[in-house]
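Asker: Need a 3D model of the sequence below.
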Amino acid sequence: MKTRTAHLLALLALFSALIGEARAQSPSPVDHPNVLVIMLDDVGWDDLAAAPVKNLETFAPFARIYPRFYSAPVCSPSRYMALFGRLAHRELIGTAIDLENPLATGAPADNVSLAEALKAEGYTTGMFGKWHLSGPADGPVEQGPLVQGFDTWRAGIAANVGLDRSHYDWDRVDDGVVTIETTYSTRAITEAFLDWWPNQSGPRFAMVGLNAPHEPFESAEPSGLLPPGYTVVDTPRGLFESAIVALDTAFGQMASVIDLSNTYVLLVSDNGTPPTALLPSQQLQGFKGSVNEGGVRVPCVLWGVDTQPGLDLSLTHVVDLPRTVLDLVGVSPASDFDDSISFAGTRLGQEGLRQFAFSHLFYPNGSQPNLFGEAWTVVRSDGLKLIYQFKTFRLFDLGIDPFETNDLNAGSFLYFADAIKLASYRTQKLFPEWPY
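Answerer: Reported below is the predicted structural model:
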């Protein structure tokens, strides 16, 4: 356990450097800087600490890392918030969108996306890889990003490659055209990005959604993305980890065509590690699908332009990405992105603005007569965290108990007032859209 802690701290230290004197402004000094957002799938902090991610380690000294970045417990809600800057319950997206359900809906076409906002400022926009924000009732799912402000969608995956398919045999979408792809998904998505990015002449915004290591767990060895000498262990965890090493290679390839003097790069994950691929020595409690730290506290790393390297303990959330990106490029939208709070200023050493972070899981999606399941958490900037899960309330002080081992008892006299404040934040955010 001590070894795992040291490894995780060492990884964080790689990203850390002395934070220089803060400057007053948030926008980039570069006019219309490029933006790349890389969305990992099912990757938690422990996963990056355990796998040999040499490319990420190489770029670590130039990065600002946010170890208090929160997501939803599962995929679609996080992806919705990352693009639309609104808590996902506003469109009743509480779990993964089911493409097998003809009545399933996703992000409405009239929601303003980050891509649309940037396109209005003269940006060329590209989506690559996983989408998972459209349902059959919205129209053809292979058109999803194209009606949400993206000029192109290449090497697209509508949801996931599917448990009955493979990362070497999947339905690929290129601007609405579906073909069967046999190239490893990470490689195909990366190659599509590499073909597009350098060939754009003006400011550009790209979102790259890498589907692996999401199930099915498969060896990445045939992909050609593993470094020489890397041995794949034939267990669910070993196969999962090989996909992380492959995406690290993909990150290095993408970085090779990026000019950080005029580009911001954000690397984030949609949720934590799946329960079937946990490390035996995982530090954080919980996993994908839970509102414990292992399910919702996920990687967030920022590179580029005037970013001051270091470890940033500001409370941040995936819903903050739209206003953060718009702030970085000097755009201040008058409306939309209702729940998004920019953390662009933190890259200059300024104090973060978010006081509470709310993560929520519920199912089914949509305004159904009955709610079959719900879990949620509210984290306060001082580290106090209230959890509602399995119809039970628990309270933790993450400042002294980051691994959630000591329940403070939300109903106790000492903490009852704090628990009420945290629960009130959830109520304030839920209504009036919440139908339950």
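Asker: what about the stretch 1-150 of the chain, any weak spots by pLDDT?
Answerer: 1-27 (pLDDT under 70).
Asker: let's see it at 80
Answerer: Residues of the stretch 1-150 of the chain meeting the criterion pLDDT under 80: 1-28.
Asker: Okay, helices next: where are they in it?
Answerer: Assigned by DSSP state H, counting those that start in this stretch, the helices in the stretch 1-150 of the chain fall at 2-15, 45-50, 54-59, 75-84, 114-119.
Asker: neighbouring contacts of the third one?
Answerer: The set of residues external to helix 54-59 that reach it, using C-beta atoms under 8 Å, 6 or more residues apart in numbering, is 11, 14, 48, 227, 248-249, 251-252, 255, 267, 301, 303. Bear in mind the C-beta positions are built from the backbone N, C-alpha and C, glycine included.
Asker: hmm, try it at 7 Å
Answerer: If you take C-beta atoms under 7 Å, 6 or more residues apart in numbering as the criterion, helix 54-59 is touched by 14, 48, 227, 248-249, 251-252, 255, 303.
Asker: Any idea which of those the model trusts least?
Answerer: Ranked by pLDDT, these bottom out at Leu14 (44).
Asker: any idea what sits nearest Trp170, other than its immediate chain neighbours?
Answerer: Nearest non-adjacent residue to Trp170, counting by C-beta to C-beta, 6 or more residues apart in numbering: Val161, 3.9 Å away.
Asker: Based on its surroundings, how many neighbours for the closest residue to Val319 other than its chain neighbours?
Answerer: Closest residue to Val319 apart from its sequence neighbours, by C-beta to C-beta, 6+ apart: Met81 at 4.0 Å. Using other C-beta atoms under 10 Å, the number of residues around Met81 comes to 27.
Asker: how far away is Met81 from Ser332?
Answerer: 20 Å (C-beta to C-beta, to the nearest Å).
Asker: same thing with His360?
Answerer: Computed with C-beta to C-beta, the distance linking His360 and Ser332 is 28 Å.
Asker: These two: which is more packed in?
Answerer: His360 (24 against 10).
Asker: Next one: the more buried one, what pLDDT does it get?
Answerer: So His360 comes in at 98 (pLDDT).
Asker: pretty sure it is in a helix, no?
Answerer: No: assessed with DSSP: H, G, I helix; E, B strand; the rest coil, His360 is strand; it does not lie in a helix.
Asker: and it, bridged to which residues?
Answerer: Beta-bridge pairing for His360 (DSSP bridges): Trp376.
Asker: mind listing what it touches?
Answerer: His360 neighbours (C-beta under 7 Å, 6+ apart): 72, 89, 94, 376.
Asker: mind listing what the spatially closest residue to the first one that is not a sequence neighbour touches?
Answerer: Using C-beta to C-beta, 6+ apart and skipping residues adjacent in sequence, the residue nearest Ala72 is Ser78, 4.4 Å away. Contacts were defined as C-beta under 7 Å, 6+ apart; by that measure Ser78 touches 71-72, 270-271, 318.
Asker: which two from these end up farthest apart in space?
Answerer: Farthest apart among the contacts of Ser78 by C-beta to C-beta are Asn271 and Val318. That separation is 9.4 Å.
Asker: any shared contact partners between these two?
Answerer: In contact with both Asn271 and Val318: 71, 78, using C-beta under 7 Å, 6+ apart.
Asker: Please identify which of the contacts of Ser78 is nearest to Gly129.
Answerer: Nearest to Gly129 among the contacts of Ser78: Asp270, at 12.0 Å, using C-beta to C-beta.
Asker: I'd like to know how many residues surround the closest one.
Answerer: Look at Asp270: counted by other C-beta under 10 Å, it has 27 neighbours.
Asker: If we ignore the residues flanking it in sequence, what's nearest it?
Answerer: Nearest non-adjacent residue to Asp270, counting by C-beta to C-beta, 6+ apart: Ser78, 4.0 Å away.
Asker: do you know how far that neighbour is from Trp434?
Answerer: 19 Å.
Asker: same thing with His89?
Answerer: To Trp434, His89 is 6 Å away according to C-beta to C-beta.
Asker: Compare neighbour counts for these two and give me the winner.
Answerer: In this view His89 and Trp434 are compared by other C-beta under 10 Å, and His89 has more residues nearby, 23 against 16.
Asker: Next up, the contacts around the more buried one.
Answerer: 360, 430, 433-434.
Asker: now with 6 Å?
Answerer: His360 (C-beta atoms under 6 Å, 6 or more residues apart in numbering).
Asker: picking that back up, quick one: the residue nearest to Val319 from Leu133, how far?
Answerer: Taking C-beta to C-beta as the measure, Met81 falls 10 Å from Leu133.
Asker: Now Asn406: closest residue in space that isn't a chain neighbour?
Answerer: Phe396 (6.9 Å).
Asker: what's the neighbour count on the one you found?
Answerer: Neighbours of Phe396 under the rule other C-beta under 10 Å: 25.
Asker: do Asp174 as well
Answerer: Residues lying near Asp174 (other C-beta under 10 Å) number 15.
Asker: give me the beta-bridge partners of it?
Answerer: Counting by DSSP bridges, Asp174 is bridged to Val177.
Asker: likewise Lys130?
Answerer: Beta-bridge partners for Lys130, by DSSP bridges, are Ile157.
Asker: you'd agree it is up against Asn211?
Answerer: Yes: using C-beta atoms under 6 Å, Lys130 is in contact with Asn211, at 4.6 Å.
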